[in-house]
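Participant: Pasted the sequence and its predicted model underneath.
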Amino acid sequence: MIYSRLRLLGWKNLSVMALRFYNSLTQTVEPFAPLSGNVVRMYTCGPTVYNFAHIGNFRSFIFPDILRRWLRTRGYTLDHVMNITDVEDKIIRDSAAAGKSLAEFTEVYTKAFLEDTAALRLERPERIVKATEHIPEMVAAIQALEKEGYTYVSDGSVYYRIAKFPTYGKLSHNDFSGIRSGARVDVDEYDKDDARDFVLWKAKKDAEPAWETPLGAGRPGWHIECSAMAMRYLGATLDIHTGGVDLAFPHHENEIAQSEAITGKQFVRFWLHSEHLSVEGQKMSKSLGNIYTLRDLTAKSYTLEAIRYLLASVPYRKKLNFTFDGLKAAATSIERLRNFKLRLESAHFPAGLNKSLVERTETAQKAFDEALDDDLNTAEGLASVFEFIRDINTAMDAGEFKAGNVVPALAFLDRFDSIFDVLMPAVKEGGLADQEIDALIAERTAAKKARDFARADKVRNDLAALGVILEDTKEGVRWKRQ
Ligand code: AMP
Ligand code: ZN
């Protein structure tokens, strides 16, 4: 709204100045700045750890990674919290089926999740917090709601009375005024489509895991987990809250109802939701057998960088249709980027500086920056990089690119890679360090000089087997990892 108002006031060129995001709460693109000082206080709904996370889940985690990186580029410091939901209906069901305790069961998938996020080069939020380690905070939050009359007890469980919170529905823009209070649902699965009172504290049933608390023996509902942990670390008002679009209702709506009832203050200023990922045009589902984890894809020899690139390349508010062709195209794009970098670093260019190519670099960087400022338009950002590469390659072929142009061009690539982070190949297990590769290349060069071609070929083949490709050029030997 502010954005469009500024436009009316004649800020035609607002795109140049403002970092802005689409806020689900106001349904408009708004200029972003943190509430206080330079620190962005941000919360991301993390995984429910009852299985390996799939690429759809990772889409919702790549997005805050790109967001973090861009906020930092724009000079902000982050205080970012992500939760691990390690107590919840599905977890209880599956851990019981596996004959394991909650802790044993969730530890495996929590560890796998953290390994996967590191493999995908997702920056670690400043704090990763587990629900089971914050039960006292959740109990205190429920007691605060109780005190203000927002709750009622039924069969030992505590429920939130939505009728007491008149602005319920403001995030999902649903009108709930016709819904009868008192009707309730006892599950905290989030794929229900109805707005009803929800459970805050579930009374212990049978042999289910439970905590002895002043609310009785039981466990927290899913929604109170996020409210309590977000407020514990980030205070009453957060700058940004992220999550997949399916979480907006009811999960985030319920987070608002809980937190704002407790503090009387706005809970979140910017709600940012990432769209879903489908696979080859279909919904990911067990029955279709098209749920892919990172392990599934790397076992098919796709690289983590290609997966990262593909997930990051579609702007977060657009639906992403994951295809194997798309993944191959991502690998080709990375190859083009790396080849370009290699050319910049290793080719010999004529001395001097081509001023117009310096300007071309500046224009490319400006276009890249503006694309990311514009609600993280990663597709536009990539377009600016590839147009730049095409123009510079042409200039190089024509001998117009000068030695003095290398540094600014590399600086632009660095800026790109500080966000997309795909240029550096992952070091494979058992792979060679750069120095080892250089030493082997020196050995091959010496063998060739001594006309021991059998030896030289063996070194080349051995390196190829380890994924290192050599290229003999006028300027010497270049190498790259596959
Ligand atoms: P969960 O582990 O089920 O709590 O989900 C973690 C995150 O993954 C949530 O933010 C979900 O919205 C998101 N998510 C789940 N399925 C998909 C999908 N197919 N595409 C994109 N995001 C998804
Ligand atoms: Zn959450």
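Facilitator: Sure thing, it's come through. Predicted model, so just to flag it, every value in this text is computed and none were measured. Ligands and ions are numbered 1, 2, ... in the order given.

Participant: Could you tell me how many residues sit around whichever residue of the stretch 151-300 of the chain sits closest to ligand 1?
Facilitator: Per C-beta to the nearest ligand atom, the residue of the stretch 151-300 of the chain with the smallest distance to ligand 1 is G244, at 1.8 Å. Every residue, glycine included, has its C-beta placed from N, CA and C. If you count neighbours by other C-beta atoms under 10 Å, G244 ends up with 21.

Participant: and the helix or strand harbouring L342, average pLDDT?
Facilitator: According to DSSP states H and E, L342 maps onto helix 324-346. Averaged across helix 324-346, pLDDT comes to 97.

Participant: So for it, what gets flagged as buried?
Facilitator: Buried positions in helix 324-346, judged by neighbour count with 16 or more other C-beta atoms under 10 Å: 326-327, 330-331, 333-334, 337-338, 340-341, 343-344.

Participant: tell me which element E436 falls in.
Facilitator: Going by DSSP H and E, E436 is in helix 434-449.

Participant: what's the angle from the helix or strand immediately after that helix in the chain to helix 434-449?
Facilitator: Sequence-wise, the next helix or strand downstream of helix 434-449 (DSSP H and E) is helix 453-465. Between the axes of helix 453-465 and helix 434-449, defined by axes from the mean of the first three to the mean of the last three C-alpha atoms, to 10 degrees, the angle is 160 degrees.

Participant: Name the next helix or strand downstream of helix 453-465, please.
Facilitator: Next in sequence after helix 453-465, counting helices and strands by DSSP H and E, comes strand 468-473.

Participant: Could you list every helix and strand that that following strand packs against?
Facilitator: Packing partners of strand 468-473 (3 or more C-beta pairs under 8 Å, 6 or more residues apart in numbering; DSSP states H and E): helix 434-449, helix 453-465, strand 476-481.

Participant: and G46, which of these is closest to it?
Facilitator: Comparison of the helices and strands packed on strand 468-473 against G46 by C-beta to C-beta identifies strand 476-481 as nearest, at 32.1 Å.

Participant: That closest one: partners in the sheet, and parallel or antiparallel?
Facilitator: strand 468-473 (antiparallel) (DSSP bridges).

Participant: low pLDDT regions in the stretch 101-250 of the chain?
Facilitator: 177-195 (pLDDT under 70).

Participant: Next up, the contacts around the closest residue to ligand 2 within the stretch 101-250 of the chain.
Facilitator: Using C-beta to the ion, the closest approach of the stretch 101-250 of the chain to ligand 2 is made by C226 at 3.2 Å. Counting by C-beta atoms under 8 Å, 6 or more residues apart in numbering, C226 makes contact with 43, 45, 83, 251, 255.

Participant: tell me which of those residues is nearest to ligand 2?
Facilitator: Among those, C45 lies closest to ligand 2 (C-beta to the ion), at 3.2 Å.

Participant: What is the burial count for the closest one?
Facilitator: Residues lying near C45 (other C-beta under 10 Å) number 24.

Participant: In space, what's closest to the residue most central in space within the chain - neighbours in sequence excluded?
Facilitator: Using C-alpha atoms, centre = their mean, the residue of the chain that lies closest to the mean C-alpha position is I62, 1.9 Å off. Leaving aside its sequence neighbours, I62 sits nearest to L311 (C-beta to C-beta, 6 or more residues apart in numbering; 4.4 Å).
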